[in-house]
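> Test case, fold it:
(one chain, ligands or ions: 2)
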Amino acid sequence: MKTIFKGLAKTRRALRENLSGLFKKGPGLSPEFWEGWEAALIEVDVGVRQAVELTERVKARAEEERVDATAVSELFRAELLKMLQPLPGEETSETPVPPIVTMIVGVNGSGKTTAAAKLARYRQKRGEKVILAACDTFRAAAIEQLGIWAERLGVEMVSQKYGADAAAVAFDAYSAARSRGADRLIIDTAGRLHTRSNLMEELKKIARALGKTEPSAPHEVLLSLDAVVGQNGLLQARSFLEAVGLTGVILNKLDGTARGGIVLAVREELGIPVRFVGIGEGSDDLAEFDPAAFVDALLNDSSRTEESESSLSS
Ligand SMILES: Nc1nc2c(ncn2[C@@H]2O[C@H](COP(=O)(O)OP(=O)(O)OP(=O)(O)O)[C@@H](O)[C@H]2O)c(=O)[nH]1
Ligand SMILES: [Mg+2]
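Numbers count the residues shown, from 1 in each chain. Ligands and ions are numbered 1, 2, ... in the order given. Coordinates of the predicted model:
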């Protein structure tokens, strides 16, 4: 299993390289020093607004606390962590009656089907009984792809034939999950239809079909985002947000990009939390998003070397 520390290796290295020049200039906190931090943060895709705000906060604290350049990373760490604290209403105390339904939505190729499989595995490892629903009926290969994962994981999949009504598949899958006493129902959806508006209508229809059988379902709607696409992905995210009301993000392919700072931008720009990160193509390459582990993985520059990193269990 990969960890977020491994998943963020490229981002961490990029940040470190961009910052290394700043410290060679000595311990002074010049305007160039702060501009350097800002630029380095923007480079790893935290978003311009977030980078400016973060740097300003740290600068204010550094001046107030009269620290030198070497202590600045610690201040960034603290302020980053503050920015990543749960959003209001993010932590709900109600526990829905199982099966808890998770819909995975997002544009084509963003990693939905793989994320559905990883999430199934994640729940399975926690002793939960999972059922997968193949609601991407737009392509025959999509049903097959999920079927292969289901078989590999030993998880039941509910599907119909290619071209079937996705909402009907979801409805069936929910009934099956309930009658079989499943804890979780995880729904894979299409990323592409004939037109974008059809896709949004289809997703709404799936959600409505679920809501008819259980008013509280779907309990989670997770947007699958490709971290490699970076900031551009946030534009598409808005249409999903408006159509189906997202509860969180699964940020996929974090391992393949040096732009892992997108985690901050997602949260600030969309107002929804990153719930999981995808850090590889295997079923175990998923981590629940943990702000402290993220900040540690992003800014760690000395206490954990690249060698100890590579010796971490994989
Ligand atoms: N490196 C890496 N690759 C990933 C990750 N998640 C998914 N992939 C790869 O990205 C590609 C697309 O993944 P899919 O899960 O098929 O994406 P999708 O959103 O279901 O695509 P459509 O069904 O076509 O809309 C596959 O080759 C996956 O193996 C990840 O976290 N890291
Ligand atoms: Mg798919």
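> All the helices of the stretch 101-250 of the chain, in order from the start?
Using DSSP state H, counting those that start in this stretch, the helices of the stretch 101-250 of the chain run over residues 112-125, 140-153, 166-179, 196-213, 232-244.
> Report whether residue 259 is found in a helix, as I expect.
No - using DSSP: H, G, I helix; E, B strand; the rest coil, the assignment for residue 259 is coil, not a helix.
> between the helices of the stretch 101-250 of the chain, which one is nearest to ligand 1?
Closest approach to ligand 1 among those (Cβ to the nearest ligand atom): helix 112-125, 3.4 Å. From N, CA and C alone the C-beta is placed, and that goes for glycine too.
> quick one: that closest one near ligand 1?
Yes - against ligand 1, helix 112-125 shows contacts by Cβ under 6 Å from any ligand atom at 112-114.
> if we can go back for a sec, out of the helices of the stretch 101-250 of the chain, which comes closest to ligand 2?
Evaluated with Cβ to the ion, the helices of the stretch 101-250 of the chain place helix 112-125 nearest to ligand 2, the distance being 3.2 Å.
> hmm, who's touching that closest one?
Residues outside helix 112-125 that contact it (Cβ atoms under 8 Å, 6 or more residues apart in numbering) are 102, 104-106, 130, 132, 136, 142, 145-146, 149-150, 152-153, 155, 183-184, 186-189, 191, 222, 224, 250, 252, 276, 278, 281, 283-286, 288.
> Restricted to buried residues, select those in ChimeraX.
Under the burial definition 16 or more other Cβ atoms under 10 Å, those of those that qualify are selected in ChimeraX by:
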select :102,104,105,106,130,132,136,142,145,146,149,150,153,155,183,184,186,187,188,189,191,222,224,250,252,276,278,283,285,286
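> Contacting ligand 1 as well, which ones from the contacts of helix 112-125?
Near ligand 1, by the rule Cβ under 6 Å from any ligand atom, you find 106, 136, 142, 191, 224, 252, 278, 281, 285 out of those.
> From those residues, which shows the smallest pLDDT?
Least confident by pLDDT among these: that is residue 191, with 93.
> Enumerate every residue touching the residue nearest to that residue when sequence neighbours are not counted.
In this structure, residue 191 finds its nearest non-sequential neighbour in residue 108, 3.3 Å apart by Cβ to Cβ, 6 or more residues apart in numbering. Listed by Cβ under 8 Å, 6+ apart, the contact set of residue 108 reads 190-192.
> ok, residue 108 to residue 263 distance?
Remark: distance between residue 108 and residue 263 (Cβ to Cβ, to the nearest Å) = 22 Å.
> Check residue 255 too.
14 Å.
> So which of these two has more stuff around it?
Neighbour count, other Cβ atoms under 10 Å: between residue 255 and residue 263, residue 263 has more, with 31 against 22.
> Can you tell me how far the more buried one is from ligand 2?
Residue 263 sits 23 Å away from ligand 2, going by Cβ to the ion, to the nearest Å.
> same deal with residue 131?
Taking Cβ to the ion, one finds residue 131 at 17 Å from ligand 2.
> my guess is that residue contacts residue 184, does it?
Yes - assessed by Cβ atoms under 8 Å, residue 131 is found in contact with residue 184 at 7.2 Å.
> which residues are common contacts for these two?
Common contacts of residue 131 and residue 184 (Cβ under 8 Å, 6+ apart): 99, 177.
> show me where pLDDT drops low in this structure?
1, 25-27, 89, 91-93, 196, 301-314 (pLDDT under 70).
> Could you rerun that using 50?
Scanning the chain for pLDDT under 50 picks out the ranges 302-303, 305-314.
> Which residues of it lie near ligand 2?
Proximity of the chain to ligand 2 is confined to 112-113, 142 under the rule Cβ under 5 Å from the ion.
> can you give me how far the helix or strand encompassing residue 72 is from the chain middle?
Following DSSP states H and E, one finds residue 72 within helix 69-83. Here the centre of helix 69-83 is set off from its chain's centre by 23 Å, with Cα atoms, centre = their mean, to the nearest Å.
> Equivalent analysis for stretch 132-150, please.
Using Cα atoms, centre = their mean, the offset of stretch 132-150 from its chain centre is 21 Å.
> again, but for stretch 148-157
Taking Cα atoms, centre = their mean, the mean C-alpha location of stretch 148-157 is offset from the chain mean by 23 Å.
> No further questions, thank you.
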